[in-house]
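Q: predicted coordinates and the sequence they were generated for:
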Amino acid sequence: MAMMGKDSDVGRGTRGECMLSGAGLEPGPEQARPASRAIARTGRVVRQDTADLTAIGEPFLWGLGGALAMGILLIASFLFLIFYNGAVTFWPQPIAVVSLTDGSQLAGEPTRDAVYSPQAGVLKGLPEAVRTGIEENGGLAHRVLYRIGNYDLYHEDFRWVSDFEIDSISYPKSMYLFERQEWGRFVGEIAALNLDGEVIAGETLSFDQAEKAQRLARERFAEIRHIERHAIGKINHQMESERLRLRRVELSAGRDSADYARVAAEVEVKLAELQLAYQALADRAREIRERDLRDTLTLREIGGREKTLALSQIVRFYPANALDLGDKLDIYLSRWGEFLTAEPREANTEGGILPAIFGTVAMTLLMVVFTAPLGVITALYLREYAKQGRLVSMVRISVNNLAGVPSIVYGVFGLGFFAYTMGVSIDQLFFPERLPNPTFGTGGILWASLTLALLTVPVVIVASEEALAAVPRSMREGSLACGASNWQTIWYVVLPRALPGVITGLILAMARGAGEVAPLMLVGVVKLAPELPIDGVFPYIHLERSFMHLGFHIFDVGFQSRNSEAGKPMVFVTTMLLLFLIVAMNAGAIYLRSRLRRKFADGGL
């Protein structure tokens with residue numbers, strides 16, 4: 001048989017050579033071998049100079065490689081756009097004083113430039129030389145966008161200035177940028193500083209002196225906020241708890257019962273004590289505020305108008321045109337620190353996003369807590385216990401189809417089922433004294449996490465099933481042969497080796513759930529959350545509370561703020577932070593998965 005195969009190969013080679021000879025192609029020493037290989041691969045003779053491109057792999061290889069390179073380039077360009085714009089957002093810029101041809105002036109930070117086509121009416125009023133230059137440039141003119149601030153005076157944050165409108169540009173060192181608690185930024189000079197009746201003119205005021213006074217004022221402001229939002233807030237919570245306790249007794253025993261009279265007396269005494277503590281804190285806050293109002297700062301904009309405000313309302317200020325590299329770096333890091341640790345202000349376009357960071361991480365981790373058991377248990381049943389047949393196949397098809405349902409549908413379901421059905425029932429059973437004000441019968445972080453758990457559980461089910469199927473059957477049979485039960489085999493043998501694949505599904509679920517916004521808008525996310533879901537007030541974890549989310553924060557700042565141009569920098573930096581958080585959470589899960597894979601090298605995906 002071997003000889004016959006050898007003869008057959010020789011015969012095919014001989015016939016191929018004869019066919020080449022008959023076609024007028026004499027096979028030389030270099031041609032005979034490639035022709036023989038082509039015949040052996042395809043079973044037919046193909047002329048090398050007229051071969052179909054589909055028979056050659058190189059064009060497709062280059063096409064696939066080019067598509068991969070294009071995809072990588074697009075992703076890299078997107079990430080570069082996000083991270084570059086986000087990284088430079090907090091870097092301090094100089095303030096330009098622009099003298100215009102009409103005799104007016106403006107001061108602001110140059111943000112970006114553009115080329116545009118001036119309207120015909122604008123061109124008619126320009127000098128002949130300027131109009132000729134624009135016409136020679138194809139009817140295009142150059143302009144710069146300046147962030148002028150002073151919204152309370154100008155009613156706009158930005159202004160475009162064309163080159164033909166500019167008479168001169170200077171950068172005086174007396175120009176300051178002030179970041180205020182309200183009304184955004186102010187661009188101008190210090191006219192005067194009033195420290196408890198002592199007025200210091202701006203011309204004689206040093207920056208160090210003003211900065212020291214501003215730092216003390218901000219400490220007073222922080223103390224007032226602490227008293228009003230934490231100390232007084234805690235007392236208000238205790239007073240509300242006492243009222244609810246009395247209401248609960250009224251609903252259970254009746255207003256005419258002895259229990260109600262006893263609890264009413266206890267509540268009255270407790271409320272009196274709390275009222276005294278409340279009044280003491282309110283008096284303390286009023287004293288600090290009265291002292292705070294005696295320190296004021298008078299600002300002057302480039303046109304000469306002045307504005308006086310409490311010194312504590314200045315969050316940060318600096319002479320923009322007199323900074324060295326170290327000063328700019330200090331301001332840059334200070335802004336980053338505020339961004340990561342403070343609350344939003346000025347319609348979320350200024351300040352920090354700590355509540356949004358906290359809400360995003362808490363919701364994602366809570367979602368994983370719900371998704372992991374549900375997905376793994378479902379996959380275990382489908383793979384290890386369910387009898388494979390038409391019904392199980394339909395279940396798998398349904399699970400796969402759930403992954404393609406639009407996320408807003410899950411939001412509608414979460415609002416209708418979790419909030420308006422389960423939440424209302426919980427309120428009626430456990431919180432009747434709070435009605436008609438809902439506790440769980442409205443959006444909250446619990447319902448948002450459950451909604452996203454339903455959204456992402458198909459991914460976990462599919463990944464977990466594949467991980468369970470990847471565990472060798474011989475390991476199951478060996479465990480059963482040693483006397484272990486089916487559940488013991490699953491718990492001690494199958495699941496540990498399938499955990500890397502399960503974690504892979506959780507990673508994909510976290511990546512999708514952390515970036516979803518549409519369903520959250522219906523089941524708990526808000527523009528500004530006055531309280532965090534976790535705080536120091538018993539029971540410490542408040543799953544019924546609404547929360548902030550980085551994804552919704554991006555939507556709100558980019559599309560719902562009064563000035564999208566002012567919110568654009570915050571959009572980039574928040575997007576960069578959201579990507580960083582997703583990568584950080586996924587990196588932790590990937591590290592855990594790699595550890596498990598090294599431990600069970602023969603299991604997982």
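A: That came in fine, so what should we check first? Fair warning: this is a prediction, and the values are worked out from it, not measured in the lab.
Q: what kind of secondary structure is residue 589 in?
A: helix (DSSP: H, G, I helix; E, B strand; the rest coil).
Q: quick one: contacts for it?
A: Contact analysis of residue 589 by C-beta atoms under 8 Å, 6 or more residues apart in numbering lists 503, 506, 507, 510. Every C-beta, even on glycine, is put in place using the N, C-alpha and C of the backbone.
Q: mind listing what's buried in stretch 538-551?
A: The neighbour-count check on stretch 538-551 (16 or more other C-beta atoms under 10 Å) flags 542, 543, 544, 545, 546, 547, 548, 549, 550, 551 as buried.
Q: does the fifth one touch residue 447 like I think?
A: No - the pair formed by residue 546 and residue 447 falls short of the contact definition of C-beta atoms under 8 Å, at 10.1 Å.
Q: what's the overlap in contacts for the two?
A: Joint contacts of residue 546 and residue 447 (C-beta under 8 Å, 6+ apart) are residue 524.
Q: now the helices for the stretch 351-500 of the chain?
A: 354-380, 390-402, 407-413, 424-430, 445-470, 473-481, 486-489, 495-515 (DSSP state H, counting those that start in this stretch).
Q: neighbours of residue 554, how many?
A: Residue 554 has 24 neighbours, counted by other C-beta atoms under 10 Å.
Q: residue contacts, it?
A: 517, 571, 574, 575, 578.
Q: quickly name whichever of those residues is closest to residue 102.
A: Checking those against residue 102 with C-beta to C-beta, the nearest one is residue 571 at 34.3 Å.
Q: and the closest residue to the closest one other than its chain neighbours, what pLDDT?
A: Spatial nearest neighbour of residue 571, excluding adjacent residues (C-beta to C-beta, 6 or more residues apart in numbering): residue 558 at 4.4 Å. What the model reports as pLDDT for residue 558 is 84.
Q: mind checking which helix or strand residue 297 is in?
A: Element membership for residue 297 (DSSP states H and E) is strand 295-300.
Q: then residue 238?
A: Assigned by DSSP H and E, residue 238 falls in helix 232-253.
Q: pull the distance from the next helix-or-strand element following that helix to the chain's centre.
A: The C-terminal neighbour of helix 232-253 among helices and strands, as given by DSSP H and E, is helix 258-292. Relative to the centre of its chain, helix 258-292 is centred 41 Å away, using C-alpha atoms, centre = their mean, to the nearest Å.
Q: what about residue 526, distance to residue 444?
A: 10 Å (C-beta to C-beta, to the nearest Å).
Q: and the two? Which one has more around it.
A: Higher neighbour count among residue 526 and residue 444: residue 444, with 25 against 18, using other C-beta under 10 Å.
Q: just to revisit the earlier point, pLDDT averaged over the helix holding residue 238 - what is it?
A: On average, helix 232-253 scores 92.
Q: just checking, what packs against it?
A: Applying 3 or more C-beta pairs under 8 Å, 6 or more residues apart in numbering; DSSP states H and E, one finds that helix 232-253 makes contact with helix 258-292.
Q: the helix it packs on packs against which elements?
A: So helix 258-292, by 3+ C-beta pairs under 8 Å, 6+ apart, packs with helix 207-226, helix 232-253.
Q: residue ranges with poor pLDDT in this protein?
A: In the predicted model, the chain carries pLDDT under 70 at residues 1-57, 600-605.
Q: kindly report the domain assignment for it.
A: Here the domain parsing of the chain from automatic domain parsing is 2-51, 57-87, 96-175, 188-333, 360-599.
Q: how about those, which one is nearest residue 339?
A: Proximity of those to residue 339 was assessed by C-beta to C-beta; the nearest stretch is domain 360-599, lying at 6.9 Å.
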